[in-house]
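Novice: Fold the following and give me the result.
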Amino acid sequence: MKFNLRLLCAVSLTGALAGCGSFDGVNDNMSRGLEPAPAAPAAAASTGISDFPQKIGEPYKVGGKTYTPEDVASYDNVGYASWYGEELAGNPTANGEKFNPNGISAAHKTLPLPSYVEVTALDTGRTILVRVNDRGPFTNDRLIDLSYGAARQLGIDQQGVAGVRVRKVNPNEQERAVLRNGGQVTERIPTPDSLLTILRKNLAKLPQPAAPVRQATRSAAPAGAVNTSGVGASYVPPTGRPTGSSRASGDRFIIENQTGATQSRSTAPAPRAVSTASGFVVQVAAFSSRARANTLANKIGAKVMSDGTGKIWRVRYGPYATERAAEQGLNEARRRGYGGARILRAGK
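Specialist: Residues are numbered from 1 along each chain as shown. This is a model prediction of the structure:
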């Protein structure tokens, strides 16, 4: 009888202790130190990237406008997001790291570096965790610039700009380590429709982006140039080049429609177009800046082809004799992360 009583007590005590491990489905062992946290991936430690010290920074001026960084713990805003990609890979970010287009990072004008934010796509309600390590975008109609990897995870990489909610958060160290190492963490739960309705109404009060057909108005360094501005991965201070609106309009990532039409403008002189009169090509991207198109083409082993007017520079694989042969270039583009690449008839 005594043995049975002791066994019953032991079982009851074990169940009670197991029940203490969570409350309302949230595990509290981590905060109480009952179980050690899993070690961060070894690769994360080897990158040398740290979240400390966090830098707020002094006020700075870009394009005649002064931006004042500040730490707002409850930062929660809606606006428009754009993204920047592989053509700027390796450029130093504003906090001294190297821009990784496939990482899950972002640029913001005023948040401390680094910061962590949840970004919600207002058209779908999808939400991801993003690490802010750069400054930008320096256009008034943009709230945040996502890396290509972040835009792809959020599902907005096929859009020029997208309405988003940006909310500052404090994730756990495991998630921080994954993002520092260039990985992505699990998507957050979808935003409820009731909240999305409110957020979309707030977004509707803002001015529409000036040129939704383009990816972003950003300054890119000529091929081989090193960005030492300290402002951000994609910003290069003007050096004897036109400034103001004339300069901004000549350096755009363009999203063309299926017929190749675009609303972008450029003052660059018309170059001789690469001849692709027959066969097929794979279009990866299009720019109004020849330098930026050359940078991307050199990185991915593609060619720069003009539209013949000097207004658009297209980064393409090919030409190929047949559409089936062009699929090789399409697969290569997608392997490098350009899911929006497509096969076109040469000459278009």
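Novice: And the helices in the stretch 101-250 of the chain?
Specialist: 148-154, 173-180, 193-204, 245-248 (DSSP state H, counting those that start in this stretch).
Novice: Turn those into a markdown table, columns for mean neighbour count and distance to residue 54.
Specialist: Yep, even glycine has a C-beta here, placed from its N, CA and C like the rest. Formatted as a markdown table, these follow (neighbours: other CB atoms under 10 Å; distance: least, CB to CB, whole Å):
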| stretch | mean neighbour count | distance to residue 54 |
| --- | --- | --- |
| helix 148-154 | 24 | 20 |
| helix 173-180 | 20 | 12 |
| helix 193-204 | 13 | 27 |
| helix 245-248 | 13 | 31 |
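Novice: can you redo those as CSV with distance to residue 73 and mean pLDDT?
Specialist: Putting the helices of the stretch 101-250 of the chain into CSV (distance: least, CB to CB, whole Å; pLDDT from 0 to 100) gives the following:
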stretch, distance to residue 73, mean pLDDT
helix 148-154, 22, 95
helix 173-180, 17, 96
helix 193-204, 20, 96
helix 245-248, 33, 33
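Novice: got those helices as CSV, with distance to residue 345 columns?
Specialist: Formatted as CSV, those follow (distance: least, CB to CB, whole Å):
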stretch, distance to residue 345
helix 148-154, 27
helix 173-180, 41
helix 193-204, 38
helix 245-248, 33
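Novice: Mind checking the ones you listed for the one nearest to residue 120?
Specialist: Among those, helix 193-204 comes nearest to residue 120, with 7.4 Å by CB to CB.
Novice: Provide the secondary structure category for the nearest residue to residue 151 once chain neighbours are set aside.
Specialist: Closest residue in space to residue 151, ignoring its immediate chain neighbours: residue 83 at 3.8 Å, by CB to CB, 6 or more residues apart in numbering. Under DSSP: H, G, I helix; E, B strand; the rest coil, residue 83 falls in the strand class.
Novice: Who does residue 83 form a beta bridge with?
Specialist: residue 146 (DSSP bridges).
Novice: Residue 107 reaches residue 135, doesn't it?
Specialist: Yes. Residue 107 is within contact range of residue 135, at 5.7 Å (criterion: CB atoms under 8 Å).
Novice: Tell me where the stretch 51-200 of the chain has strands.
Specialist: Taking DSSP state E, counting those that start in this stretch as the criterion, the stretch 51-200 of the chain contains strands spanning 60-62, 65-67, 76-84, 105-107, 115-121, 127-134, 144-147, 162-169.
Novice: so what does the second one touch, helix or strand wise?
Specialist: In other words, strand 65-67. Judged by 3 or more CB pairs under 8 Å, 6 or more residues apart in numbering; DSSP states H and E, strand 65-67 is in contact with strand 60-62.
Novice: Would you mark the buried spots in the strand it packs on?
Specialist: 60, 62 (16 or more other CB atoms under 10 Å).
Novice: so what secondary structure elements neighbour it?
Specialist: strand 65-67.
Novice: that older thread, figure out which of the helices of the stretch 101-250 of the chain is closest to residue 307.
Specialist: Here helix 245-248 is closest among the helices of the stretch 101-250 of the chain (CB to CB), at 20.5 Å.
Novice: what helix or strand is residue 343 on?
Specialist: Element membership for residue 343, per DSSP states H and E: strand 342-345.
Novice: any idea how far residue 329 is from the residue nearest to residue 151?
Specialist: 23 Å (CB to CB, to the nearest Å).
Novice: Check which helices and strands the strand holding residue 343 sits against.
Specialist: If contacts are counted by 3+ CB pairs under 8 Å, 6+ apart, strand 342-345 sits against strand 280-287, helix 323-335.
Novice: May I see the ones you listed organised as TSV, with distance to residue 151 and mean neighbour count added?
Specialist: Shown next, in TSV, are the helices and strands packed on strand 342-345 (distance: least, CB to CB, whole Å; neighbours: other CB atoms under 10 Å):
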stretch	distance to residue 151	mean neighbour count
strand 280-287	13	25
helix 323-335	15	16
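Novice: TSV for the ones you listed, including distance to residue 160?
Specialist: Converted to TSV, these look like this (distance: least, CB to CB, whole Å):
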stretch	distance to residue 160
strand 280-287	12
helix 323-335	19
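Novice: Of the ones you listed, which is nearest residue 139?
Specialist: Nearest to residue 139, of the helices and strands packed on strand 342-345 and by CB to CB, is strand 280-287 at 16.4 Å.
Novice: Counting neighbours, show which residues of the following helix or strand past that closest one come out buried.
Specialist: Downstream of strand 280-287, the next assigned helix or strand under DSSP H and E is helix 290-300. Within helix 290-300, the residues scored as buried using 16+ other CB under 10 Å are 290, 291, 292, 293, 294, 295, 296, 297, 299, 300.
Novice: and helix 290-300, what other elements does it pack with?
Specialist: Going by 3+ CB pairs under 8 Å, 6+ apart, helix 290-300 lies up against strand 280-287, strand 303-306, strand 313-320.
Novice: Tell me the helices and strands packed up against the shortest one.
Specialist: Contacts of strand 303-306 with other secondary structure elements, assessed using 3+ CB pairs under 8 Å, 6+ apart, are made with helix 290-300, strand 313-320.
Novice: Output the ones you listed as a markdown table; include the columns distance to residue 96 and mean pLDDT.
Specialist: Converted to a markdown table, the helices and strands packed on strand 303-306 look like this (distance: least, CB to CB, whole Å; pLDDT from 0 to 100):
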| stretch | distance to residue 96 | mean pLDDT |
| --- | --- | --- |
| helix 290-300 | 21 | 82 |
| strand 313-320 | 29 | 88 |
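Novice: Thank you kindly, that will do.
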